[in-house]
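# need the 3D shape of this:
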Amino acid sequence: MGRSARGRQIGVLEVGWTGAAATDPLVASLATPRRAIQWNEDLVLDPPPGAVLLAATALGEIQAMRFAPTVWGVQWHPEATLEMIKSWAANEPGPRADAGLIAVRDAEAELELSWRDLGKAFAATVTA
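Below is the predicted model of the structure:
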């Protein structure tokens, strides 16, 4: 783990699914074009041995990985609500945070629909 050399990612960005995502037990049904909230600067820089890359940005930054048969990590924030983003933006005032907040507000319904099924899939995996 480390800091992104390009600085913070803030806003609503495309998820860059890999071919491995299409057969992943958690994200296969989600591995279609969709956007997600990115609000981070820390990144996984060196995946552990055996990790499977599930999504990456166009610049190759890891967005999602499976670390073990039932262990996943995502870089974006599927859990974030508009209220949460408002508090993040308030702690980081400036034009980038303002633009990120506007992007999230404008995409709020899309984001909820896009990531609701991730929560359902995760809950099904945990209870299986």
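# look up how far residue 117 lies from residue 123.
Residue 123 sits 10 Å away from residue 117, going by C-beta to C-beta, to the nearest Å. C-betas here are computed from N, CA, C, even on glycine.
# more neighbours: the two, which one.
Neighbours were counted for residue 123 and for residue 117 using other C-beta atoms under 10 Å; residue 117 has more, 13 against 10.
# I'd say residue 98 and residue 90 touch.
No: Residue 98 lies out of contact with residue 90 (C-beta atoms under 8 Å); the separation is 10.4 Å.
# between the two, which has more neighbouring residues?
A direct count of neighbours by other C-beta under 10 Å for residue 98 and residue 90 places residue 98 higher, at 13 against 10.
# give me the pLDDT for the more buried one.
pLDDT for residue 98: 95.
# quick check: residue 39 touching residue 10?
Yes: Residue 39 lies in contact with residue 10 (C-beta under 8 Å); the separation is 5.5 Å.
# just checking, what packs against the longest helix belonging to the chain?
What stands out as the longest helix in the chain, according to DSSP state H, is helix 108-127. Applying 3 or more C-beta pairs under 8 Å, 6 or more residues apart in numbering; DSSP states H and E, one finds that helix 108-127 makes contact with strand 35-40.
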